[in-house]
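A.B. asks: Take this sequence and fold it.
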Amino acid sequence: MHDFGKLVYMDLQKSGSTFVSRFLSETCILPELREWKHGRLNGRPKKGAFYFVTVRHPLDQYSSLFRYGLDGRGGLYERLSSLGNGKLYSREDGAFSQWLQFVMDYRNAAYLGEGFERIPESFSLGFLSFRYLMMCLANPEQSILLKPEAMEVSDFVRENSIINHIIYNECLNEGLIELSTRIKPEFFDQEKVERFFRDEKRANASTTGAEELGELDEQVRALMERKERLLLSLYS
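C.D. replies: Residues are numbered from 1 along each chain as shown. Modelled structure (predicted):
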């Protein structure tokens with residue numbers, strides 16, 4: 001979380017947040033009051049503040065997490081390896097499907113960390129939708145437990161989200177330009193914005209990473225789509 005008072009960026013993991021953080025530090029004219037990497041809002045949202053978040057398609061993000069683990073990198077890889085599940089990371093055919101099926105299984109929620117295991121199984125929530133949920137609610141772990149039993153998580157989020165604007169990782173440059181020049185231009189130095197995108201060459205994130213890992217088992221894909229329906233609803 002980057003708190004600039006009137007502007008707050010909820011920096012969701014693996015959604016281009018490092019790039020956005022650099023953009024804000026170089027172009028935003030507001031003084032930064034607090035930085036808490038991937039921090040959640042524990043307290044009331046600031047009155048009149050503009051909250052925004054970046055998101056990434058879950059399948060592309062899962063493939064990125066898996067490929068990170070193949071290289072021995074990433075917090076999820078470190079947690080799974082430390083708990084004896086490092087063998088899930090393999091370059092053999094079908095390994096990505098097996099890894100994703102493990103991650104989707106609620107019985108393994110405690111292995112994934114970040115408090116995911118405290119979300120009721122009845123929510124049928126995927127790990128990445130959980131991460132997003134933690135970014136878009138105030139006091140998220142307490143707030144989500146107030147959800148009426150018959151209410152869909154996506155509907156609850158729609159009614160209670162603190163987020164004013166979403167930028168998609170797949171078109172990150174365009175999203176940041178829109179934010180800084182058309183939506184909230186008063187918060188940015190326009191000359192610095194222009195210079196940033198002239199000097200910084202960030203290609204839009206690929207959406208084909210999963211295919212590089214081989215064909216995904218259709219049952220696993222269907223399970224992922226069902227559990228990540230909260231994130232996927234942002235793409236519909």
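A.B. asks: For the spatially most distant residue from the centre of the chain, report the pLDDT, please.
C.D. replies: Here the centre of the chain is the reference, and by C-alpha atoms, centre = their mean the most remote residue is Glu191, at 29.3 Å. In this model, Glu191 is scored at 97, pLDDT.
A.B. asks: check contacts around it.
C.D. replies: With contacts defined as C-beta atoms under 8 Å, 6 or more residues apart in numbering, Glu191 is in contact with no residue. Bear in mind the C-beta positions are built from the backbone N, C-alpha and C, glycine included.
A.B. asks: Which positions within the helix or strand containing it qualify as buried?
C.D. replies: Taking DSSP states H and E as the criterion, the element that holds Glu191 is helix 190-199. By neighbour count with 16 or more other C-beta atoms under 10 Å, helix 190-199 contains the buried residues Val193, Phe196, Phe197.
A.B. asks: Need those in JSON lines (columns: distance to Asn42).
C.D. replies: Below are those laid out as JSON lines (distance: C-beta to C-beta, whole Å):
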{"residue": "Val193", "distance to Asn42": "31"}
{"residue": "Phe196", "distance to Asn42": "31"}
{"residue": "Phe197", "distance to Asn42": "34"}
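A.B. asks: how about the helices in the protein?
C.D. replies: Counting by DSSP state H, the chain has helices at residues 17-27, 58-70, 75-82, 95-104, 109-112, 127-136, 140-143, 153-160, 172-178, 190-199, 218-227, 229-232.
A.B. asks: Just tell me which of these ends up closest to Gly5.
C.D. replies: Closest approach to Gly5 among the helices of the chain (C-beta to C-beta): helix 17-27, 12.5 Å.
A.B. asks: about what we covered before: can you tell me which of the buried residues of helix 190-199 lies closest to Leu59?
C.D. replies: Distances from the buried residues of helix 190-199 to Leu59 were compared by C-beta to C-beta; the smallest belongs to Phe197, at 27.8 Å.
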